[in-house]
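Student: What shape does this take:
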Amino acid sequence: MQKLIESDNLKEKILETLSRNGLDSPCYAKILDYTISSFDEAGRGKDYYGYHNIIHELEVTYVTLIAAQWESLQNYITLEDMKYLYFAALFHDYDPQKTAEKPHEEVAVNFVRTDETILGFSKDANLDANIVSALILRTTYPWSGELKEKAEKNIEKYLSLSDLTKNDSNLEEHYKKLGWFLSVVDRISGYSLGNFNHALELANKNAYALGWHPSVLAKRSIVYFEDLLSNESEMCDHVLHALPKPMRKLFMDNVLAFFKLREEELMIQSSLVHENVKIFPVIETPKTKQSEEFIQTLRMIYDELPSPHQFKKENFADSIRDPNTILNTLRLGNEKGPIVGFAKGGPLEDYKHRAQNFDRNYGMFNTVFLEPIALKTGYYGQGGGHEIRVLFAIQAESKGYKFLTSFAPRDRIQKRIERSEGIESVKEFSPDRWDYYRITL
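Tutor: Residues are numbered from 1 along each chain as shown. Below you'll find the model as predicted:
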């Protein structure tokens, strides 16, 4: 099982947890529905590629309630605290107009303080918007430097405006600690709800949000977790002990898996650099493309891609066998060695994605679409991706195509433009910054 709770069941689980803890007023279910519809309308629903979509918001909300539920038994978190945590968790990343994937907590705060519907629900639940604002601001990441200083200043401001805390220093400290609790749950939640395949997809999305290249994903993820487990060990231990054992185990197993992945990467780099092991781009024969074993090997590598990069997922095997598909592989050691990556694509018209709405060549059958390059984790940054991409372009040109198109991160497209690779940016997409480009062959 990849996930303890499937995304479609999160809403139901949240409502069950609320009801179990006596939070069964209609306003709690209504604000949950309002949150989901708000994220959908802003283009941040479950189909949005970025890390900070509605699924992340609901995962954080659910795990927050689960952890708070246990803490309430220890008399650390009250029922009133749970209400504040619930409202703050639901909207802590809401930023409908953002131009970059990383959220702006100030925008989320402004929304919960000015949106009439939320203010109405807050009144029904007898909540102070100043406290909700302070909790949201504490989820600022990274919690260091100017970001931290600015957030702390605003947290002090909102707590001084609240009738609950402006004359009660003990309660003020309590809500600051509650915000810290929420910020740690924010970073633990997704990694405690699924196995390593799920964790790897989250890391890919988070890496994309932070502008990391795939080659540094494992290394940066380790830094991310070490910061959490070491520099915030007090609250991290607090939250982990408040989670059910299966969730706590999943989180720690995933952390260890990232360390193991980094070790494997270093071994791969060592073999390529010090032992002079070569990687070979190979044009596969039609006979090989019919092999079930070959297709399954490619499928295992393909499944490591983030889901929005998985074109033709439902008919993957058929697309490999399709004579119109252009395919080459990256093999290790020699031309018959193990497959560690591949490039795959075909006529633009065979792909039903958003390019059909703006590509001037769509329907002219003169353009080949290159799917995102698929490499086994550990082989990014070793030069193989570039080699099979170039080989794919050569194959496409030999078949009479005039243009090659694909999607890629905006900064990488720009770097290729600067290197005079004959590439042009056709359509930009924000906030994910995963743009559509064209090359004239």
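
Student: low pLDDT regions in the stretch 51-200 of the chain?
Tutor: The model of the stretch 51-200 of the chain has pLDDT under 70 over residues 73, 96-103.

Student: What is the neighbour count of the residue nearest to residue 322 when sequence neighbours are not counted?
Tutor: When the adjacent residues along the chain are set aside, residue 322 lies closest to residue 346, with 6.8 Å between them (CB to CB, 6 or more residues apart in numbering). In short, each C-beta sits where N, CA and C put it, glycine included. Counted with other CB atoms under 10 Å, residues neighbouring residue 346 total 23.

Student: who does the helix or strand harbouring residue 346 pair up with?
Tutor: Element membership of residue 346 [criterion: DSSP states H and E] is strand 339-347. As defined by DSSP bridges, the strand partners of strand 339-347 come to strand 326-332 (antiparallel), strand 367-370 (antiparallel), strand 374-375 (antiparallel).

Student: Looking at those strands, spot the one closest to residue 138.
Tutor: When the strands paired with strand 339-347 are compared by CB to CB, strand 374-375 sits nearest residue 138, at 37.7 Å.

Student: ok now the closest one, how far from the chain's centre?
Tutor: 18 Å (CA atoms, centre = their mean, to the nearest Å).

Student: Name the residues that touch it?
Tutor: With contacts defined as CB atoms under 8 Å, 6 or more residues apart in numbering, strand 374-375 is touched by 214, 298, 301-302, 304-305, 330, 340-344, 384-385.

Student: what does stretch 326-346 give?
Tutor: Counting contacts by CB under 8 Å, 6+ apart, the residues outside stretch 326-346 that touch it are 277-284, 289, 294, 297-298, 301, 319-320, 322, 324-325, 368-371, 373-376, 379, 384-385, 387-389, 391-392, 395-396, 399, 406.

Student: Next, the buried residues of the strand holding residue 346.
Tutor: Using 16 or more other CB atoms under 10 Å as the burial criterion, the residues of strand 339-347 that qualify are 339, 340, 341, 342, 343, 344, 345, 346, 347.

Student: Using the three-state scheme, assign the residue in the chain sticking out farthest from the centre.
Tutor: For the chain, the C-alpha farthest from the mean C-alpha position belongs to residue 167; by CA atoms, centre = their mean, that distance is 40.7 Å. For residue 167, the assignment made with DSSP: H, G, I helix; E, B strand; the rest coil gives coil.

Student: Which residues are in contact with it?
Tutor: Residue 167 sits next to no residue when contact means CB under 8 Å, 6+ apart.

Student: And it, how close does it get to residue 138?
Tutor: Counting by CB to CB, to the nearest Å, the gap from residue 167 to residue 138 is 21 Å.

Student: looking at it, residue 194 is touching residue 6, isn't it?
Tutor: No - the pair residue 194 / residue 6 is not scored as a contact, 9.7 Å apart, by CB atoms under 8 Å.

Student: and the helix or strand where residue 199 lies, which residues are buried?
Tutor: Assigned by DSSP H and E, residue 199 falls within helix 196-210. Of the residues in helix 196-210, those buried by neighbour count under the rule 16+ other CB under 10 Å are 196, 198-209.

Student: Could you report the neighbour count for residue 60?
Tutor: Here the neighbour count serves as a burial measure; for residue 60 (other CB under 10 Å) it reads 25.

Student: Low-confidence stretches in the stretch 201-350 of the chain?
Tutor: When the per-residue scores of the stretch 201-350 of the chain are filtered using pLDDT under 70, the ranges that remain are 208-211, 275.

Student: For it, just list every one of the helices.
Tutor: For the stretch 201-350 of the chain, the helices identified by DSSP state H, counting those that start in this stretch occupy 217-226, 233-242, 245-273, 286-289, 292-302, 316-321, in order along the chain.

Student: List of residues touching the second one?
Tutor: Put plainly, it is helix 233-242. Counting contacts by CB under 8 Å, 6+ apart, the residues touching helix 233-242 from outside are 66-68, 70-71, 177, 180-181, 184-185, 188, 228-229, 248, 251-252.

Student: Centre-most residue in this structure?
Tutor: residue 205 (2.5 Å).

Student: Against residue 306, how distant is the closest residue to that residue other than its chain neighbours?
Tutor: The shortest distance from residue 205 to any non-neighbouring residue, by CB to CB, 6+ apart, is to residue 51 (3.9 Å). Per CB to CB, residue 51 is found 10 Å from residue 306.

Student: higher neighbour count, those two?
Tutor: Higher neighbour count among residue 51 and residue 306: residue 51, with 23 against 18, using other CB under 10 Å.

Student: That one and residue 17, how far apart?
Tutor: With the distance defined as CB to CB, residue 51 ends up 23 Å from residue 17.

Student: one step back: surely the residue nearest to the centre of the chain meets residue 50?
Tutor: Yes - between residue 205 and residue 50 a contact is recorded at 6.3 Å, counting by CB under 8 Å.

Student: Could you pull out the strands in this structure for me?
Tutor: Counting by DSSP state E, the chain has strands at residues 279-283, 326-332, 339-347, 367-370, 374-375, 403-409, 423-427, 434-440.

Student: for the nearest residue to residue 121 once chain neighbours are set aside, what are its contacts?
Tutor: In space, residue 121 comes closest to residue 31 once its chain neighbours are excluded; the distance is 4.4 Å by CB to CB, 6+ apart. For residue 31, the residues meeting the contact criterion (CB under 8 Å, 6+ apart) are 87, 90, 118, 121.
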